[in-house]
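Undergrad: I would like to see how this sequence folds:
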Amino acid sequence: LERAVGGEKRKVVELLDSGAVRQVHGDKFKAAHGPTNYARWKGETKEYAVTYESEYEPYILCRTDVPPFDERFVGYGGDKTSHAYELSRAGFVFVVLPDAFAVHAAHTKAAWASAQNWTRTWMDWTTFVDDANARYSPVQHGPPTECPTRRASLAGRAG
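TA: Residues are numbered from 1 along each chain as shown. Down below sits the predicted model:
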């Protein structure tokens with residue numbers, strides 16, 4: 001695949017259009033990369049900003065002074081999503097670069113990923129969202145729409 005792409009966006013677009021490659025998580029978790037807008041990226045020649053949406057987990061290049069990844073998220077799940085959430089709450093802007101791309105080769109799921117405790121991950125996520133909202137409050141903008149917090153998830157289970 002690396003030889004087929006050769007570092008050229010044009011070749012990646014051809015492979016996308018032919019169906020030989022696809023957007024990461026495009027078939028199973030569109031929210032993860034939806035704001036990137038791959039249809040736009042394919043024809044874009046200038047960088048463009050995107051609005052953070054709940055569960056967005058872009059592959060990013062960033063300065064060294066951004067908040068670090070939250071250490072609650074180990075193993076599989078929550079790491080990129082929580083980092084993007086925190087960057088958004090801290091006021092960072094996500095910018096898509098027109099000629100940048102990563103190619104990920106498909107592989108079987110690692111045993112350690114299958115052993116993930118999803119209850120623990122969800123509990124860590126809801127607590128993390130509450131912590132991030134408190135850390136960056138007040139902020140120019142509120143929490144992203146439809147992003148569950150611990151209080152909201154607990155309220156939903158009450159009764």
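Undergrad: list the helices and strands the lengthiest helix in the chain packs on?
TA: Counting residues, the longest helix found in the chain (DSSP state H) is helix 118-135. Judged by 3 or more Cβ pairs under 8 Å, 6 or more residues apart in numbering; DSSP states H and E, the packing partners of helix 118-135 are helix 79-89, helix 150-157. Placement of C-beta: from N, CA and C, glycine included.
Undergrad: If you average pLDDT over each of these, which is lowest?
TA: Confidence, taken as mean pLDDT, is least for helix 150-157 of the helices and strands packed on helix 118-135 (a mean of 40).
Undergrad: helix/strand/coil for Y52?
TA: Look at Y52: counting by DSSP: H, G, I helix; E, B strand; the rest coil, its state is coil.
Undergrad: Return the distance of the nearest residue to it once chain neighbours are set aside relative to P68.
TA: Nearest non-adjacent residue to Y52, counting by Cβ to Cβ, 6 or more residues apart in numbering: S88, 3.7 Å away. Per Cβ to Cβ, to the nearest Å, S88 is found 15 Å from P68.
Undergrad: ditto for A84
TA: 13 Å.
Undergrad: In terms of neighbours, single out the busier of these two.
TA: A84 (23 against 8; other Cβ atoms under 10 Å).
Undergrad: Might one say that R40 is in contact with Y48?
TA: Yes. Using Cβ atoms under 8 Å, R40 is in contact with Y48, at 7.1 Å.
Undergrad: before we move on, what SS does the nearest residue to H83 once chain neighbours are set aside have?
TA: Among residues not flanking H83 along the chain, F69 sits closest, at 5.1 Å (Cβ to Cβ, 6+ apart). When classified by three-state DSSP, F69 comes out as coil.
Undergrad: before we move on, what SS does V95 have?
TA: strand.
Undergrad: how about it, what does it touch?
TA: V95 makes contacts with E47, Y48, A49, V50, as judged by Cβ atoms under 8 Å, 6 or more residues apart in numbering.
Undergrad: beta partners for it?
TA: For V95, the beta-bridge partners are A49 (DSSP bridges).
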